[in-house]
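[1] Build the 3D model from these lines:
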Amino acid sequence: MRAGERVKSDEYAKESIADFALWKARTPEDGGVFWASPFGEGRPGWHIECSAMSMKILGASFDLHLGGEDLIFPHHEDEIAQSEGATGKPFVKYWLHGAHLLVEGKKMSKSLGNFFTLRDLLAKGYTGREIRFLLLSAHYRETFNFTLEGLAGAKTALARIDECVRKLRDSAGENTGQPQENDSLITNFSSALADDLNISRAWAVVFEWVRETNLWYNSQLQDETFEARITRSKVAANKLAAWEKVDSVLGISAKMIDDPTTEVVRLGIERRLAKEAKDFKRADAIRDKIKLLGWIVEDTPKGQVLKKL
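    Sure thing, here's the model as predicted:
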């Protein structure tokens, strides 16, 4: 230690073999935060706390250690030094250091007040799915700019996925499928994540699958024979199973338990009857009522479809 100086801060300007403390002697400012030890009252340094907690729960060696990029030095290097010095074993196999988060182009900080809580975003009308999608859109080692415009884009992207999944559910019916061997969605998605969690490439795989699935679905509508419908149902069920396996990682699919209420179904029937009677003014008025209940009506070649807003 430098003569005449106390170690109060855990942030240092330069590397030094002696620039972190395992134990800090008690000072009046510590109040009641201290423990007795053979070398006097005090408290452990920040770095040894983390080694002690992780090794107590996970053992002397474990697989993954995460943290912000600003913790590489001195914190994580000190953890390695003291942990491996104590046990003689490798401390951690893989370190994942996340880049800083920006909010609307500026570094997030309490002093600037440029941060959102989850409660803030939900109050603005954004959903948990949209927030999760946006936060999953950038690689963990890339500086990520969190914006409200990005949340709007997340809503659009999720709508594309939801529409594709809805088509597969409609086609699959009651069939239960299985992911096929060497399914391109699962294979390519897994390959992307195996490449240092390359989430950007993984999303590219997902949206290429959405594009190809939509093309396949549209091509199938041209053949309405019984045999074609059976085949289409089986293929759709297998595609859906593959997507559900991928979504078990992403966790962004809409819950499909939100079926229309009895009131919405009744209004939907009334609207269909009004259209058949060519009473379009009444049909439009009913459509507006349905929208107020959180649903929209789409007219498709197969008939009227109710979709959750």
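
[2] which residues sit against the helix or strand hosting residue 234?
    When elements are assigned from DSSP states H and E, residue 234 belongs to helix 226-250. Contact with helix 226-250 is made by 136, 165, 167-169, 171-173, 175-180, 183, 185-186, 189, 193, 206, 209, 213, 216-217, 220, 253, as judged by Cβ atoms under 8 Å, 6 or more residues apart in numbering. The way it works is simple: take the backbone N, C-alpha and C, and place the C-beta from them, glycine included.

[3] now, which of those lie within strands?
    Here DSSP state E is the test, and the contacts of helix 226-250 give no hits in strands at all.

[4] Can you flag the buried ones in these?
    Among those, those scoring as buried are 136, 165, 167-168, 171-172, 177, 179, 183, 185-186, 189, 206, 209, 213, 216-217, 220, 253 (criterion: 16 or more other Cβ atoms under 10 Å).

[5] Helix, strand, or coil at residue 102?
    The three-state label given to residue 102 by DSSP: H, G, I helix; E, B strand; the rest coil is strand.

[6] now the nearest residue to it once chain neighbours are set aside: how far from residue 103?
    Distance criterion Cβ to Cβ, 6 or more residues apart in numbering; nearest residue to residue 102, sequence neighbours excluded, is residue 145 at 4.4 Å. From residue 145 across to residue 103, the span is 8 Å (Cβ to Cβ, to the nearest Å).

[7] which one of the two has more residues nearby?
    Between residue 145 and residue 103, counted using other Cβ atoms under 10 Å, the more crowded position is residue 103 (18 against 14).

[8] The more buried one touches residue 117, doesn't it?
    No - using Cβ atoms under 8 Å, residue 103 is not in contact with residue 117; the gap is 11.7 Å.

[9] Now do the same for residue 9: its pLDDT.
    Listed pLDDT for residue 9 reads 51.

[10] again with residue 3
    pLDDT recorded at residue 3 is 49.

[11] hmm, back to that, the buried ones among the contacts of helix 226-250 in helices, which ones?
    165, 167-168, 171-172, 185-186, 189, 206, 209, 213, 216-217, 220 (DSSP state H).

[12] residues in contact with residue 274?
    By Cβ under 8 Å, 6+ apart, the neighbours of residue 274 are 280, 282, 283, 286.

[13] Using neighbour counts, trim those to the buried set.
    Among the contacts of residue 274, those classed as buried by 16+ other Cβ under 10 Å are 283, 286.

[14] of all the contacts of residue 274, which comes closest to residue 112?
    In terms of Cβ to Cβ, no member of the contacts of residue 274 lies closer to residue 112 than residue 286, at 48.8 Å.

[15] Quick check: pLDDT value at the nearest residue to the closest one once chain neighbours are set aside.
    Spatial nearest neighbour of residue 286, excluding adjacent residues (Cβ to Cβ, 6+ apart): residue 271 at 4.1 Å. At residue 271, the predicted lDDT confidence score is 92.

[16] Likewise for the one 3 residues further on?
    Per-residue confidence (pLDDT) for residue 274: 91.

[17] Kind regards, and thank you for your time.
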